[in-house]
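Asks: missing the sequence, but the structure's below:
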């Protein structure tokens with residue numbers, strides 16, 4: 001059973017990590033955002049404020065690559081960066097007002113997509129999925145401690 005659990009998790013993670021899906025999602029949302037910046041933007045929106053090192057680690061990207069993508073998002077007015085008051089090497093990153101508006105559009109599109117994907121699921125099945133996913137997330141978060 002453990003192999004099947006791992007296979008299902010890999011399948012889910014792979015689904016969400018595909019760049020072609022990101023491109024389709026961005027197009028469906030009708031927003032102006034490069035697919036290469038999409039995962040970073042979403043991660044900033046979920047973790048803000050954050051910093052370059054943490055974002056790079058979470059996304060599995062190099063510090064310099066992540067920093068360049070943040071600079072692009074900042075030039076588009078989607079994020080605001082600020083040097084840490086105690087260590088100038090650390091940049092704090094959060095969404096700007098425009099970034100927050102874009103996040104709302106993406107969140108609404110994501111909700112529409114999940115509603116469509118689970119349209120034939122009962123409320124009971126959805127609640128069970130949510131409970132099990134929360135349980136898994138809690139269990140996995142304990143591995144980091």
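Replies: Thanks, I have it. The shown structure was predicted, so the numbers you read here are calculated from the model rather than taken from an experiment. Residues are numbered from 1 along each chain as shown.

Asks: who are the packing partners of the lowest-mean-pLDDT helix or strand in the chain?
Replies: Lowest mean confidence among the helices and strands of the chain (mean pLDDT, DSSP states H and E): helix 19-29, at a mean of 85. Applying 3 or more C-beta pairs under 8 Å, 6 or more residues apart in numbering; DSSP states H and E, one finds that helix 19-29 makes contact with helix 35-47, helix 97-117. Any C-beta I mention is one placed from the backbone N, CA and C, and that applies to glycine too.

Asks: adding mean neighbour count and distance to residue 76, write those helices out as TSV.
Replies: Below are the helices and strands packed on helix 19-29 laid out as TSV (neighbours: other C-beta atoms under 10 Å; distance: least, C-beta to C-beta, whole Å):
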stretch	mean neighbour count	distance to residue 76
helix 35-47	18	8
helix 97-117	14	8
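
Asks: returning to that earlier point: and the least confident helix or strand of the chain, how far out from the chain middle?
Replies: Remark: helix 19-29 is offset 13 Å from the chain centroid, using C-alpha atoms, centre = their mean, to the nearest Å.

Asks: for the helices and strands packed on helix 19-29, give me TSV that also has distance to residue 62 and mean pLDDT.
Replies: Shown next, in TSV, are those (distance: least, C-beta to C-beta, whole Å; pLDDT from 0 to 100):
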stretch	distance to residue 62	mean pLDDT
helix 35-47	12	91
helix 97-117	23	92
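
Asks: export these to JSON lines and append columns for distance to residue 6.
Replies: Output for the helices and strands packed on helix 19-29, formatted as JSON lines (distance: least, C-beta to C-beta, whole Å):
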{"stretch": "helix 35-47", "distance to residue 6": "22"}
{"stretch": "helix 97-117", "distance to residue 6": "22"}
